[in-house]
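> Give the three-dimensional model of this entry:
(chains A and B)
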Amino acid sequence: MKVIYILWLRQLKRYLRSRSRIIGSLGQPLLFLVALGFGFGPIFQKAGGGNYLEFLAPGIIAMSILFTALFSGIEIIWDRQFGFLKEMMVAPVSRLKIMFGRTLGGATVAVLQGVIVFLLSLLIGFRPQSFNLLLPALIFMFLIALLFAALGTAIASLLKDMQGYSLIMNFLVMPIFFLSGALFPLNNLPGVIETIARIDPLSYGVDALRGSLLANGAHFGLMTDSLVLVVIVAILLALGSYLFSRMEV
Amino acid sequence: MIEIKNLVKKFGDFTAVDNISFTVQDGEIFAFLGPNGAGKTTTIRMLTTLLHPTSGEIRLNDHDAVKDSGGARHSFGIVFQDPSLDDELTAWENLELHGVLYGVEKKLRHERMIELLNLVELWDRKNELVKNFSGGMKRRLEIARGLIHHPKIFFLDEPTLGLDPQTRNHIWNYIKNLNQKEQITIFFTTHYMEEAEKSAHKIAIIDYGQIVAQGTMEELKSQYNNRSLEEIFLDLTGHDIRAASATAVDHLRARRQRWHR
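Below is the predicted model:
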């Protein structure tokens, strides 16, 4: 437990110390909220979708969790490049513990980031319709974070350096975000897009956040969302641990 | 004690370490020399459980490095060739993390951290982030870190690389002191022959994956007509300049080219 705790703490300290990174990574969600929220608001309203900012905010919270969590996992590549990975790997602790400590730390950092974006969205004008589901919302945020931190670990275990970065960004992270229903409702979509959205794990995360923050927000329903998220988190944690255990330093 | 028997490591059909055997006794300072790409780092990686040998046996203080890697890991400390500190943490936090990873109890851990930080003269900078440290300070901190769990064996992979003579001198004084006071077995690699000549009780020279000479300085000198270690080294390993660490890969590449021709 102590080992997992100290590695969790390490991730947290690294995050809290890089103030410029925290502020920098708030720029994008803020821009999305303002530009898309106010830009598409009138059309969305006319089309009968209701308040777009309300619809959008949970999606943008999920987005910032996705980015932060995935890259905290991928940071293992930095640990390898800066040599710190070797220090962890020669220590008499199982790799499973190392992986769990890191992943939990990364997930916690991502939830913090998500909470900050949530507070920002309140400033801009987002009004959750029920505050009593705030705790479930927090749990869903943690599930999303855990899912993508584990995915990041799995990816990092397969890569040797950061050269695959733009590949991952453009062919994995961006599609996961844009095709998840974070920006648009999943009703009446063309078949292909709907299928992709159904496969995309972030769709269920966004849906769960909407379900807990807004009245009649959920498309799939909170039960389905929870079930899908928990199962995928379990699979990715297992996959991440397996790949990490085989990683050569 | 380090016991190595018939150790082999192959990468594909390239043999990086070719059937080497040697023993390092308790409390000995052992220098492991060789040109770039001779198999030094591969050997150290196997000794420190980071790489599985293709065949052969490694015992560290009676722990089998492959079958009982946990026990083996508890019994050694290491300073890697490249820095391996977390730059975003302070000196104190780096040591703390190491102590927890090695399961050293809090009270004992902090006692040792204070003692070691004083030993390497970094006590007054313990709360500074490591990224602000110079190369020599980082090295000293890594030496302190490697000793927190009181290892019986200390591996040092080119511990003085890129340091000025003052710092090198300093670091060697710590190492020799430790060896004398605590009877820690020291296994080190270096490209500075005079370091091996001055500090090592025993020396082994590896080239092309094989040990070409080993013994005490006196033994080597009498065997090769009483010259300096540098001359013996050059005689045994030739005067050609070797490619840096890419050698193993280069061999593979050369082979692949031949294959495809």
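
> Tell me which helix or strand in chain A has the weakest average pLDDT.
helix A:165-168 (a mean of 82; mean pLDDT, DSSP states H and E).

> Could you check how far the following helix or strand past that helix is from the centre of its chain?
Going down the chain from helix A:165-168, the next helix or strand is helix A:174-178, by DSSP states H and E. Put simply, helix A:174-178 sits 11 Å off its chain's centre (Cα atoms, centre = their mean, to the nearest Å).

> Helix A:174-178: what's the following helix or strand?
By DSSP H and E, the next helix or strand past helix A:174-178 is helix A:191-199.

> Work out the gap between that next one and the centre of the chain.
20 Å.

> Residues in contact with that helix: which ones?
A:175, A:179-181, A:186, A:189, A:203 (Cβ atoms under 8 Å, 6 or more residues apart in numbering or on different chains). All C-beta spots, glycine's among them, are computed from the backbone N, C-alpha and C.

> can you check stretch A:168-187 too?
Contacts for stretch A:168-187 (Cβ under 8 Å, 6+ apart): A:36, A:49, A:55-56, A:58-60, A:62-63, A:66-67, A:70, A:74, A:155, A:193-194, A:196-197, A:200-203, A:205-207, A:219.

> measure residue A:39 to residue B:51 for me?
55 Å (Cβ to Cβ, to the nearest Å).

> tell me the secondary structure for the closest residue to chain A within the stretch 151-261 of chain B?
Chain A sits closest to residue B:155 of the stretch 151-261 of chain B, with a gap of 9.4 Å, by Cβ to the nearest Cβ. For residue B:155, the reduced secondary structure class is strand; criterion used: DSSP: H, G, I helix; E, B strand; the rest coil.

> is it true that it touches residue B:76?
Yes. The pair residue B:155 / residue B:76 is scored as a contact, 6.1 Å apart, by Cβ atoms under 8 Å.

> can you list residues touching both of those two?
Joint contacts of residue B:155 and residue B:76 (Cβ under 8 Å, 6+ apart) are B:47-48.

> Next secondary structure after the longest helix that chain B contains?
Identified as the longest helix of chain B according to DSSP state H is helix B:165-182. Sequence order places strand B:185-189 as the next helix or strand after helix B:165-182, per DSSP H and E.

> Show me what from chain A comes close to chain B.
Taking Cβ under 8 Å from any Cβ of the partner chain as the measure of proximity, chain A contacts chain B at A:2-3, A:6-7, A:10, A:13-14, A:17-18, A:82-84, A:86-93, A:248-249.

> Roughly how far does residue A:58 sit from residue A:40?
With the distance defined as Cβ to Cβ, residue A:58 ends up 15 Å from residue A:40.

> Also residue B:135?
The value you get for residue B:135 to residue A:40, if Cβ to Cβ is used, is 54 Å.

> Between those two, point out the one with more neighbours.
residue A:40 (18 against 13; other Cβ atoms under 10 Å in any protein chain shown).

> So the more buried one, which state does it fall into?
From three-state DSSP, the assignment for residue A:40 is helix.

> just checking, it touches residue A:51?
No. With contact defined as Cβ under 8 Å, residue A:40 does not reach residue A:51; the gap is 11.1 Å.

> one step back: go through the least confident helix or strand of chain A and flag the buried ones.
Within helix A:165-168, the residues that qualify as buried are residue A:168, counting by 16 or more other Cβ atoms under 10 Å in any protein chain shown.

> In which helix or strand does the residue nearest in space to the middle of chain A reside?
Central residue of chain A (Cα atoms, centre = their mean): residue A:66, 2.3 Å from the mean position. Following DSSP H and E, one finds residue A:66 within helix A:52-74.

> So what's the model's average confidence on the helix or strand that that helix is followed by?
Downstream of helix A:52-74, the next assigned helix or strand under DSSP H and E is helix A:76-81. The average pLDDT within helix A:76-81 is 88.

> How about stretch B:48-58?
93.

> Please apply the same query to stretch B:158-167.
85.

> So what's the residue count around the nearest residue to residue B:84 once chain neighbours are set aside?
Among residues not flanking residue B:84 along the chain, residue A:83 sits closest, at 3.6 Å (Cβ to Cβ, 6 or more residues apart in numbering or on different chains). Here the count is done by other Cβ under 10 Å, and residue A:83 has 18 residues near it.

> Now do the contacts for residue A:83.
By Cβ under 8 Å, 6+ apart, the contact set of residue A:83 is B:80, B:82-85.

> can we see that at 10 Å?
For residue A:83, the contact set (Cβ atoms under 10 Å, 6 or more residues apart in numbering or on different chains) comprises A:249, B:80-87, B:142.

> So residue B:109 versus chain A, what's the distance?
The spacing between residue B:109 and chain A, counted by Cβ to the nearest Cβ, to the nearest Å, is 11 Å.

> hang on, that residue packs against residue B:96?
Yes. Look at residue B:109 against residue B:96 with Cβ atoms under 10 Å: they come within range, at 7.3 Å.

> who's in contact with the nearest residue to the residue of the stretch 151-261 of chain B closest to chain A once chain neighbours are set aside?
The shortest distance from residue B:155 to any non-neighbouring residue, by Cβ to Cβ, 6+ apart, is to residue B:78 (4.3 Å). The contact partners of residue B:78, by Cβ under 10 Å, 6+ apart, come to A:86-87, A:90, B:44, B:47-48, B:50, B:84, B:142, B:145-146, B:151, B:153-157, B:187.

> One more pass at 8 Å, please.
By Cβ under 8 Å, 6+ apart, the neighbours of residue B:78 are A:90, B:48, B:146, B:154-157.

> Confirm it sits in a strand?
Yes. Assessed by three-state DSSP, residue B:78 belongs to a strand.

> Now list the buried members of the contacts of stretch A:168-187.
Here, 16+ other Cβ under 10 Å leaves A:36, A:49, A:55-56, A:58-60, A:62-63, A:66-67, A:70, A:74, A:155, A:194, A:196-197, A:200-203, A:205-207, A:219 buried among the contacts of stretch A:168-187.

> so residue B:17 is in which element?
strand B:14-24.

> One more: residue B:151?
Using DSSP H and E, residue B:151 sits in no helix or strand.

> isn't it right next to residue B:76, touching?
Yes. Look at residue B:151 against residue B:76 with Cβ under 8 Å: they come within range, at 4.9 Å.

> show me the contacts for whichever residue of the stretch 101-250 of chain B sits closest to chain A.
Nearest residue of the stretch 101-250 of chain B to chain A (Cβ to the nearest Cβ) works out as residue B:101 at 3.9 Å. Each residue near residue B:101 by Cβ under 8 Å, 6+ apart is listed here: A:3, A:6, A:88, A:91-93.

> 7 Å instead, please
By Cβ atoms under 7 Å, 6 or more residues apart in numbering or on different chains, the residues touching residue B:101 are A:3, A:91, A:93.

> just to revisit the earlier point, ok, residue B:109 and residue B:96, which is more surrounded?
residue B:96 (22 against 19).

> Which secondary structure state is assigned to that one?
helix.

> now the helices: where do they sit in the chain?
The chain I'm using is chain A. Assigned by DSSP H, the helices in chain A fall at A:2-17, A:19-31, A:37-46, A:52-74, A:76-81, A:84-89, A:95-124, A:134-158, A:165-168, A:174-178, A:191-199, A:201-213, A:222-246.

> my bad, chain B
According to DSSP H, the helices that chain B contains are B:40-47, B:69-75, B:91-101, B:106-119, B:135-147, B:165-182, B:193-199, B:217-223, B:229-237, B:247-260.

> could these be laid out in JSON lines, adding distance to residue A:111?
Listed next are the helices of chain B as JSON lines, based on distance: least, Cβ to Cβ, whole Å:
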{"stretch": "helix B:40-47", "distance to residue A:111": "37"}
{"stretch": "helix B:69-75", "distance to residue A:111": "33"}
{"stretch": "helix B:91-101", "distance to residue A:111": "23"}
{"stretch": "helix B:106-119", "distance to residue A:111": "28"}
{"stretch": "helix B:135-147", "distance to residue A:111": "31"}
{"stretch": "helix B:165-182", "distance to residue A:111": "43"}
{"stretch": "helix B:193-199", "distance to residue A:111": "50"}
{"stretch": "helix B:217-223", "distance to residue A:111": "60"}
{"stretch": "helix B:229-237", "distance to residue A:111": "56"}
{"stretch": "helix B:247-260", "distance to residue A:111": "42"}
